[in-house]
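[1] what follows is a predicted protein model with its sequence.
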Amino acid sequence: MHRFVLGFAIALAFAAFTSAPAEAAPPPYYPPVDWIPAAAGNFSVGRGGAQITTIVIHETDGSYSSAINWFRRPGSNASAHYLVRAWDGEITQLVAESDTAYHARDANPWTIGIEHEFYLRQGILHTDAQYRSSALLVCAIARRYDIPLDRNHIVGHRELPNQFHGDPGPLWDWTYYMSLVRSCAGGEGRATASSIETCAEPGCTPPAGLEFGDEGADVALLQWDLAYLGFITDDTLANGSGSFGPLTLDAVVAFQQAKDVPATGYYGELTAAALSEALAQNPVTAPTAPLQPGTMSTDVSKLQVSLRKLGYMDLVTGYYGRITQEAVLQFQQDSGIDATGTYGAITRMALATQSR
Ligand SMILES: [Zn+2]
């Protein structure tokens, strides 16, 4: 999709506000998405009996907001299921996967269309954040419909027959993108939950061997992991984490019962393995820790986006300077975490928990 150069101010002014379809919540392994429904006539309800077999990659050739406006404009006759923003990888869904978006002509009934913000003239290029976010989305879609993670099933708009579009162009890095997509694949080339930014890697769960009465950072990490998974409330932890008391004991037992681990209340090897697995199945979208003040990176942008969503800061710069440090400090104080101003595993899990 591309070339929506017409009067968007007018389109915006007259855009009909339609309510979001009552779609069932996506499976838990999906990355978070915002919902801004396309105008009713810009897609069709249902799939006409076709099975979803292929994911189509597009470039917008326009800004994120202009793409949203175009799809929401009645009569544009165009839409995509998803749109991924360039600078931070934010995903907006416009059409339910069970409905047919208008993005690839004949291929519409059996495909899911993902637009990627790209606008060369304005200097809006693909970013690492965008590639990663899109890859996570593709992994989730592929897992849902059992779509193989290869270039026969993840195709560019330009590669479909009977198309008159050139997207994505040469600046779309297929090699890198497919490496990200495959990094979430299991042994058989299918998507699994463990992937790009899961908590499967070391540092996301504390080492085994914690019990009632223990105190310290490992206990705090265990508590926030359990909070993220819904076994303990963040309100409980806001009064201070790091102490393995009766509430934590209850949470560990509840977790063990849910995961068929002997319900001892002791955080040992079996429970630690179950915790890693549970986090891998519920990928954390907060950036991978650690991040230090003075860093400039896409991960810092993502951290800032998360902090902004929670009202701790306004500007997203990608630089971990004094303002970001103060925002992290404030967040840590409010969350009952050791206020260090640096972004580590405990802060990551607290942020992920409160951003859900
Ligand atoms: Zn296209």
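    Right, received. Where do you want to start?

[2] in this structure residue 115 contacts residue 55, no?
    No. Using CB atoms under 8 Å as the test, residue 115 is too far from residue 55 to be in contact (11.9 Å). Placement of C-beta: from N, CA and C, glycine included.

[3] who has more neighbours, these two?
    Neighbours were counted for residue 115 and for residue 55 using other CB atoms under 10 Å; residue 115 has more, 33 against 23.

[4] who's in contact with the more buried one?
    1, 58, 59, 60, 67, 80, 82, 83, 84, 103 (CB atoms under 8 Å, 6 or more residues apart in numbering).

[5] is it fair to say it lies in a strand?
    Yes. Under DSSP: H, G, I helix; E, B strand; the rest coil, residue 115 sits within a strand.

[6] roughly how far does it sit from residue 305?
    Going from residue 115 to residue 305 by CB to CB, to the nearest Å gives 20 Å.

[7] quick revisit: most neighbours among the contacts of residue 115, which one?
    residue 84 (32 neighbours).

[8] list the contacts for that one?
    Residue 84 touches 90, 91, 114, 115, 116, 117, 130, 133, 134, 137, counting by CB under 8 Å, 6+ apart.

[9] cutoff 6 Å now
    91, 116, 130, 133, 134 (CB atoms under 6 Å, 6 or more residues apart in numbering).

[10] and of these, the nearest to the ion?
    Distances from the ion to the contacts of residue 84, taken as CB to the ion, are shortest for residue 116 (9.5 Å).

[11] how many neighbours does the closest one have?
    27.

[12] repeat that for residue 164.
    7.

[13] now swap in residue 25 and tell me
    When neighbours are defined as other CB under 10 Å, residue 25 has 6 of them.

[14] quick check: which element contains it?
    Remark: residue 25 resides in no helix or strand, with elements defined by DSSP states H and E.

[15] for it, report the pLDDT, please.
    In this model, residue 25 is scored at 70, pLDDT.

[16] helices of the stretch 151-300 of the chain, residue ranges please.
    174-182, 217-228, 234-238, 246-258, 269-281, 298-309 (DSSP state H, counting those that start in this stretch).

[17] deepest of those helices, which one?
    Ranked by mean neighbour count, these are led by helix 217-228 with a mean of 25 (mean count of other CB atoms under 10 Å).

[18] what's the domain layout of this protein?
    Following automatic domain parsing, one gets these domains for the chain: 8-182, 217-281, 298-355.
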